[in-house]
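Asker: Return atomic coordinates for the entry below.
(chains A, B, C and D)
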2 protein chains.
Amino acid sequence: MTKAAAANRHEALSADTRDKILDAAEVLFAERGYSAVSTRNITDKAGVNVAAIFYHFGSKQAVLDEIFKRRLEPINRRREAMLAECIGPDVENYSVADILTAFIAPTLDLGTSSFKLLAGRTSTDPNPEVREVMFSVYDSVARSFFAALDKACPHLSKKEMFWRAACVYGAMMYIRADNSRLQYIFGDDFSLSNAEEAVRYAIPFLTAGMTSPPVDEPAGRLRKMPTKTAPSSNTKKRKGS
Amino acid sequence: MTKAAAANRHEALSADTRDKILDAAEVLFAERGYSAVSTRNITDKAGVNVAAIFYHFGSKQAVLDEIFKRRLEPINRRREAMLAECIGPDVENYSVADILTAFIAPTLDLGTSSFKLLAGRTSTDPNPEVREVMFSVYDSVARSFFAALDKACPHLSKKEMFWRAACVYGAMMYIRADNSRLQYIFGDDFSLSNAEEAVRYAIPFLTAGMTSPPVDEPAGRLRKMPTKTAPSSNTKKRKGS
DNA sequence: GTCTATATGTGGATAGAC
DNA sequence: GTCTATCCACATATAGAC
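Answerer: A predicted model of the protein is given here:
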């Protein structure tokens, strides 16, 4: 609107336009989903010309890609820094809770609230364009964490770890996605958007699950099991499903 | 199946077209997402005319709605039957594992594999049309379960239950959604699509989380971190978006 | 670098012949 | 009930003037 564009000889404005597009798209994608937002929706909200997206990024998909790259970099840097504090030579002292915190907390309290929503909501988006971006941006960080968890939980087979990882991932992504389903059930006083509460209440839940006894009887030689976590008092028999 | 189809001889052909549309749409929505599938994609795959969707359902959104209603009915009937076996007069004997199994198992081994994917993948879809359907079809069943869990876990405040419910929901939906992210990390030998394995390995995880000690003191006084480990120094507050 | 104008295709949905 | 033909709004993307 404002024609301060008069003072725009440098690329300052170019970068500004890029960021305006990314900011607007991030919010819209989070609110309505990638597929339901058009490039015109984005440029309208960003206050830039319709052609700017294609000049600066080349395609709508490239905008999504840039959104993730830009936010994930600091998040993953922090995750790795926190993980580095958790792992050391004394494997016996690995803390599952700390590893899970290092994995999850930065995804909840870094970046923008819109990106948090977007990341959670796109994590299971089947749209091929979205999936392509997801697989290109999510990289080796997760491997480092599961390697650390593996050392911290030597009583678990790879298969058991796989299923527990799914529970961890699912909880983390669902909390990030923050659909309002649970508010609908529990009431408006409750919300998944509070990062401190999420860490406070979800990490202990996941730690208890991760450190619980293995389902399969250990056939081979195993290292000792964790002893600090309180055993679940209510795990009675299950009938087969 | 065949006899039931023969029973409604009148609308046999009409119902057939309806079902062809629903079947095709269920698969396509699961594979690519609601927003990325057009009505023409659906009618092409179903082998029916393009106008059939609007004649039989009125809109694309109504097709999604019907897909959910048709599959959710038997799933929720089974859930409620299983829950009924878990709850009784002797609250002391409520089994968290059994309640969770009643809640989750039917969503994994009933219906089609496409519907399982679709349900998981749409659970956090922000598209307004999809959300509208989600809120219209998911009903009181969840309330019954959380009421039962509340009785089985009297040591938990409503807030603690809220966060644990989020973890349970998230794990269940993520497993249903079965994006291939974890295969990418753990290898192709592992898959979330096996319902028996899901029940076998995920329910104990969630039961351990659900039955773990409360984070907050029952008296109402708060303490730092409930786990054995020292509180992570990295969980300090950070400003939101 | 930014804009207008437009190319080109597809979306959901409908009318009306059969 | 089914199909052809079609409406029209909007999609992504580009060309070329400024």
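
Asker: Which pLDDT value belongs to the residue nearest the centre of chain A?
Answerer: Taking Cα atoms, centre = their mean, the centroid of chain A lies closest to A:Thr107, which sits 5.1 Å from it. Model confidence at A:Thr107, given as pLDDT, is 98.

Asker: The helix or strand harbouring it: which residues count as buried?
Answerer: For A:Thr107, the host element (DSSP states H and E) is helix A:96-109. For helix A:96-109, a neighbour-count test (16 or more other Cβ atoms under 10 Å in any protein chain shown) marks A:96-109 as buried. From N, CA and C alone the C-beta is placed, and that goes for glycine too.

Asker: Out of these, which are close to chain B?
Answerer: For chain B, the contacts drawn from the buried residues of helix A:96-109 by Cβ under 8 Å from any Cβ of the partner chain are A:96-98, A:101-102, A:105, A:109.

Asker: quick one, what contacts A:Ala165?
Answerer: A:Ala165 is in contact with A:146, A:149, B:182, B:185-186, counting by Cβ atoms under 8 Å, 6 or more residues apart in numbering or on different chains.

Asker: packing partners for the helix or strand hosting A:Arg121?
Answerer: Following DSSP H and E, the helix or strand that holds A:Arg121 is helix A:113-122. With contacts taken as 3 or more Cβ pairs under 8 Å, 6 or more residues apart in numbering or on different chains; DSSP states H and E, helix A:113-122 sits against helix A:12-32, helix A:60-86, helix A:96-109, helix A:128-137, helix A:158-177.

Asker: The last one versus helix A:12-32: what angle between them?
Answerer: In other words, helix A:158-177. On the basis of axes from the mean of the first three to the mean of the last three Cα atoms, to 10 degrees, helix A:158-177 is oriented at 110 degrees to helix A:12-32.

Asker: Tabulate the CA atom coordinates of helix A:158-177 in PDB.
Answerer: Written as PDB, here are the backbone C-alpha positions of helix A:158-177 (Å, rounded to 0.1, in the frame of the first residue of the first chain):
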ATOM      1  CA  LYS A 158      14.100 -52.800  17.500                       C
ATOM      2  CA  LYS A 159      10.500 -53.700  16.900                       C
ATOM      3  CA  GLU A 160       9.400 -52.500  20.300                       C
ATOM      4  CA  MET A 161      11.400 -49.300  19.800                       C
ATOM      5  CA  PHE A 162       9.700 -48.800  16.500                       C
ATOM      6  CA  TRP A 163       6.200 -48.900  18.000                       C
ATOM      7  CA  ARG A 164       7.200 -46.800  21.000                       C
ATOM      8  CA  ALA A 165       8.700 -44.200  18.600                       C
ATOM      9  CA  ALA A 166       5.400 -44.200  16.800                       C
ATOM     10  CA  CYS A 167       3.600 -43.300  20.000                       C
ATOM     11  CA  VAL A 168       6.100 -40.600  20.800                       C
ATOM     12  CA  TYR A 169       5.900 -39.100  17.300                       C
ATOM     13  CA  GLY A 170       2.200 -39.300  17.200                       C
ATOM     14  CA  ALA A 171       1.800 -37.600  20.600                       C
ATOM     15  CA  MET A 172       4.200 -34.900  19.600                       C
ATOM     16  CA  MET A 173       2.600 -34.200  16.200                       C
ATOM     17  CA  TYR A 174      -0.900 -34.300  17.600                       C
ATOM     18  CA  ILE A 175       0.000 -31.800  20.200                       C
ATOM     19  CA  ARG A 176       1.600 -29.600  17.600                       C
ATOM     20  CA  ALA A 177      -1.300 -29.900  15.300                       C
END
